[in-house]
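>>> with the input below, show me the fold.
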Amino acid sequence: MTGALLCEAAIVIILARTQDRPLDSAWRFYFSINTVISTLTAVGKSFMLFGVSSCLGQLKWVYFLPSRKGNPLSHFGYFDEAAKGPLGALRILLTGVTHLLGWGAYIGAFIVLLSLAIDPFAQQVVSFPVREVIVPATQLRLDAQQPNSSAPLDKQILNRRSNPTASSSSTAVASYISLGFDATCQNVTIDTMRTEKCSGKTGLSMSNRLQCNMTTPGEIKLQTSVGIETGYTPLVVGTKRLDYNVVRAYSGSSPGNGPKDGGPVSPRFLRVAVLSVAGPYLVQEDNGHLVGHAVTECELSLAAWKYSNISATGSDFTFGRMERIPLQNGTYLAHDLISTGKDYYEIRFDTEEVPGGLFIRDTDFGMLADFLSREPFTGSIGTSWSRYQWGPGIRSGLLGGNVPAVFENMARSMTDYIRSGPGSSLAYGSRVDSVVFVQVDWLWLILPVVSVVAATVLLGFTVLVSAIRRTEGGKKLSLWKDKTLPVLLTFYDERDGGLRTLMDGPEEVGAYAASVKAVLR
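So this is what the prediction gives:
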């Protein structure tokens with residue numbers, strides 16, 4: 001039984017040392033953990049069943065000691081059958097042997113039956129799940145690109161997407177905050193149409209032309225026209241700058257007349273109005289007004305964006321969550337351009353979530369504001385009824401589309417440009433690796449451990465009752481009488497129903513068996 005206990009102890013130690021650890025670092029032995037656990041389980045079960053078999057063989061003699069009137073001789077065979085395997089163990093459980101010594105036999109038989117499930121249970125103890133492990137100190141960087149003559153700014157604004165570079169195939173960043181852009185839009189058709197003033201003539205004459213002027217609630221003036229010969233205007237884009245300091249700085253401030261240190265800069269820098277139609281204008285003959293068009297007013301502003309649940313797998317970069325953080329007025333940080341060697345000023349926007357604030361170069365900020373308030377972004381698209389006169393620029397991206405969605409995409413693209421442009425820094429993240437772990441389910445180990453403990457208790461019980469019980473003649477029952485030879489050297493006395501042995505102990509039995517020769521007759 002000592003061998004069984006040692007095997008179970010070895011299993012527990014191995015599992016405790018490898019539990020919830022990566023397989024590669026927790027186990028470096030040539031054979032797998034499952035192989036070692038299965039081997040130790042099989043060896044331990046063999047030791048345990050050998051001990052249980054010996055206990056049942058001993059208890060069959062104790063069972064017939066003269067403490068009662070006697071027991072059926074057939075029970076003698078039941079003990080032998082129980083010691084040989086599960087079917088015999090099941091039979092002894094069904095015999096109704098219920099006194100104290102019989103309960104010892106019950107325990108032994110029950111352990112033999114439980115041994116059938118030990119191997120399947122042991123195979124369920126260890127599993128090897130694959131887990132995503134975050135390894136710190138991996139760098140994740142967004143690709144940077146400056147606008148230049150070979151990369152037109154309109155393409156960078158509408159089509160730009162940042163591609164991450166990472167030191168592994170799967171990378172994660174918990175969260176970080178970056179300066180970016182935001183766009184808000186609203187339909188102002190009704191309010192704008194109230195200001196519409198049209199001049200000219202309507203009708204079917206080729207010379208007739210109707211021209212209308214209107215002003216949006218954001219004070220952006222729009223002009224459109226329709227005529228038989230000149231065609232109509234399906235799209236008009238107007239803008240209004242909300243912070244001229246940014247544009248002046250971009251246009252070229254000298255060190256002597258640059259912005260004053262501490263000067264405020266509003267994060268709201270541009271308002272855009274888009275007048276669009278789904279088809280040709282309808283002309284109302286009674287008053288000459290144009291109908292069938294819509295006016296959308298959008299506002300572009302700087303905003304802080306908090307990115308969380310970020311992951312990069314190969315070239316796929318995913319923001320699990322983007323949270324907008326509104327900004328208050330920023331601060332112009334002036335310096336001597338000549339002494340510092342810089343060709344730009346910096347604008348700082350403070351927010352509680354970023355100690356020290358967020359910075360953007362006035363050249364970058366001003367360039368975007370200046371570009372979006374000029375051709376080819378503003379203006380109109382005309383038609384000669386047979387074809388559109390597109391003109392240069394990106395106005396065509398607004399024609400016939402979802403204007404708020406276009407501006408949201410534009411703000412997202414400009415955010416990518418700012419985040420990955422000059423002055424961007426590395427975002428330190430973590431590498432995500434798929435690692436095989438050792439997982440131990442201790443519940444499956446209960447049955448093997450309980451079986452060995454029960455077998456140990458049975459052993460102690462057998463030794464105890466063998467030591468305290470005596471034969472009718474007052475002799476002590478020898479250990480162990482579980483062998484076959486004591487049975488051969490015992491005979492049944494019909495006069496008193498006693499089982500009498502010719503030998504007193506295992507030594508005498510062994511010596512006698514070695515000195516005689518037998519032949520089956």
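
>>> next up, phi/psi of the closest residue to Ser53 other than its chain neighbours, please.
In space, and not counting its chain neighbours, Ser53 is closest to Ala83: 4.2 Å by CB to CB, 6 or more residues apart in numbering. Bear in mind the C-beta positions are built from the backbone N, C-alpha and C, glycine included. Note on Ala83: its backbone torsions stand at phi -70, psi -20 [degrees, to the nearest 10].

>>> what count of nearby residues applies to Ala83?
26 (other CB atoms under 10 Å).

>>> quick check, pLDDT for it.
On the pLDDT scale, Ala83 is placed at 73.

>>> correct me, but it touches Gly57?
Yes. Between Ala83 and Gly57 a contact is recorded at 5.5 Å, counting by CB atoms under 8 Å.

>>> for the residue nearest to Ser53, give me its contacts.
52-54, 56-57, 108, 112, 482 (CB atoms under 8 Å, 6 or more residues apart in numbering).

>>> out of those, the closest to Val237 would be?
The closest of the contacts of Ala83 to Val237 turns out to be Val112 (CB to CB; 89.7 Å).

>>> ok, back up a step: which two in the contacts of Ala83 are spaced the farthest apart?
Longest distance between any two of these is 14.4 Å, between Val112 and Asp482; criterion CB to CB.

>>> what pLDDT, on average, does the strand or helix carrying Leu368 get?
Using DSSP states H and E, Leu368 maps to helix 362-372. Average pLDDT, helix 362-372: 76.

>>> same thing with stretch 176-188?
Across stretch 176-188, the average pLDDT comes to 86.

>>> got the angle for the longest strand along the chain vs helix 362-372?
What stands out as the longest strand in the chain, according to DSSP state E, is strand 290-313. Computed by axes from the mean of the first three to the mean of the last three CA atoms, to 10 degrees, the angle separating strand 290-313 from helix 362-372 equals 150 degrees.

>>> tabulate the CA atom coordinates of strand 290-313 in CSV.
Extracted in CSV, the C-alpha atoms of strand 290-313 (Å, rounded to 0.1, in the frame of the first residue of the first chain):
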residue,chain,number,x,y,z
LEU,A,290,-36.4,76.4,-56.4
VAL,A,291,-37.5,73.2,-54.7
GLY,A,292,-36.3,69.6,-54.4
HIS,A,293,-33.0,70.4,-52.6
ALA,A,294,-31.5,69.9,-49.1
VAL,A,295,-29.0,71.8,-47.1
THR,A,296,-26.7,70.2,-44.5
GLU,A,297,-24.5,72.1,-42.2
CYS,A,298,-21.5,70.4,-40.7
GLU,A,299,-18.8,71.6,-38.2
LEU,A,300,-15.3,70.3,-38.0
SER,A,301,-13.4,70.6,-34.8
LEU,A,302,-10.4,69.1,-33.0
ALA,A,303,-11.2,66.5,-30.4
ALA,A,304,-9.3,64.1,-28.2
TRP,A,305,-10.1,60.4,-28.9
LYS,A,306,-9.6,57.7,-26.4
TYR,A,307,-8.9,54.3,-28.0
SER,A,308,-9.4,51.2,-25.9
ASN,A,309,-9.4,47.4,-26.6
ILE,A,310,-6.9,47.9,-29.3
SER,A,311,-5.5,45.0,-31.2
ALA,A,312,-3.4,44.4,-34.3
THR,A,313,-3.2,41.1,-36.1
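
>>> more neighbours: Val112 and Asp482, which one.
More crowded of Val112 and Asp482, by other CB under 10 Å: Val112, with 27 against 21.

>>> and Arg348, what are its bridge partners?
Arg348 forms beta bridges with Thr331, Phe359, as assigned by DSSP bridges.

>>> got the CA positions of stretch 346-356 in CSV?
The C-alpha coordinates for stretch 346-356 follow below in CSV (Å, rounded to 0.1, in the frame of the first residue of the first chain):
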residue,chain,number,x,y,z
GLU,A,346,2.8,74.4,-31.3
ILE,A,347,-0.8,74.5,-30.0
ARG,A,348,-1.6,72.7,-26.7
PHE,A,349,-5.0,71.5,-25.8
ASP,A,350,-5.4,70.5,-22.1
THR,A,351,-7.6,67.7,-20.9
GLU,A,352,-7.8,66.1,-17.5
GLU,A,353,-7.2,62.6,-18.9
VAL,A,354,-3.8,63.6,-20.5
PRO,A,355,-1.4,65.3,-18.0
GLY,A,356,0.6,67.9,-20.0
